[in-house]
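# Fold the following and give me the result.
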Amino acid sequence: MDRIAFLMDFIGKNPADLFSRHALAMEIIKLGKDADAKSVLDQILLIDPNYVGSYYHLGKVEERLGMVNNALLTYEKGILVATEIGDQHASRELKAALNQLRDELED
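This is a model prediction of the structure:
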């Protein structure tokens, strides 16, 4: 069974497992299916807005999809959440992504 099928089967049996949903999104990204990955990442953050690891990847997917304003908002929200829960590493990563995107927009 391929990874995507395995993860989808596992999620079907364990719908609350956000780690597996995140892993599914990463596998979908590897296939270049950003719109599908965005859907999975959006679902994760609807279920648990504190699942901070998904904000970075959602922002990157939104950038690739040309949804620049959404990406900016995603990074900003992720920074707020990371700060609230005390995840300094995620906060730094999200700030770097936000600053990089802002710099690219200024050029």
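# only C-alpha atoms for contact and neighbour calcs from this point on.
Fine.
# Look up how far residue 65 lies from residue 29.
As judged by C-alpha to C-alpha, to the nearest Å, residue 29 and residue 65 stand 12 Å apart.
# swap in residue 88?
28 Å.
# Please enumerate the helices of the chain.
3-13, 18-30, 34-47, 53-64, 68-85, 88-106 (DSSP state H).
# higher neighbour count, residue 29 and residue 65?
Shown here are residue 29 and residue 65; by other C-alpha atoms under 10 Å, residue 29 has more neighbours (17 against 13).
# Where does the prediction get shaky in the chain?
1 (pLDDT under 70).
# could you redo the last one with a cut-off of 90?
Residue ranges of the chain with pLDDT under 90: 1, 107.
# dump the residue contacts of residue 72.
Contacts for residue 72 (C-alpha atoms under 8 Å, 6 or more residues apart in numbering) come out as 59, 98, 101.
# Please look at residue 79 and residue 87 and confirm they touch.
No. Here residue 79 lies out of contact with residue 87, judged by C-alpha atoms under 8 Å, at a distance of 9.2 Å.
# returning to what we had before: from the contacts of residue 72, which single one is nearest residue 14?
Nearest to residue 14 out of the contacts of residue 72 is residue 59 (C-alpha to C-alpha; 25.9 Å).
# distance of residue 9 from residue 21?
In terms of C-alpha to C-alpha, residue 9 sits 11 Å off from residue 21.
# higher neighbour count, these two?
Legend: neighbour count by other C-alpha under 10 Å for residue 9 and residue 21, higher for residue 21 (23 against 12).
# measure the more buried one to residue 78 for me?
Counting by C-alpha to C-alpha, the gap from residue 21 to residue 78 is 18 Å.
# How about residue 16?
21 Å.
# just to revisit the earlier point, could you identify which of the helices of the chain is most buried?
Highest mean neighbour count among the helices of the chain (mean count of other C-alpha atoms under 10 Å): helix 53-64, with a mean of 22.
# Could I get the CA-only coordinates of that one as CSV?
What follows is helix 53-64, C-alpha atoms only, in CSV (Å, rounded to 0.1, in the frame of the first residue of the first chain):
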residue,chain,number,x,y,z
GLY,A,53,3.4,23.1,12.5
SER,A,54,0.8,23.4,9.8
TYR,A,55,0.8,27.2,9.4
TYR,A,56,4.3,27.2,7.8
HIS,A,57,3.4,24.6,5.2
LEU,A,58,0.0,26.1,4.5
GLY,A,59,1.6,29.5,3.9
LYS,A,60,4.1,27.9,1.5
VAL,A,61,1.3,26.1,-0.4
GLU,A,62,-0.7,29.3,-0.6
GLU,A,63,2.4,31.1,-2.0
ARG,A,64,2.8,28.5,-4.7
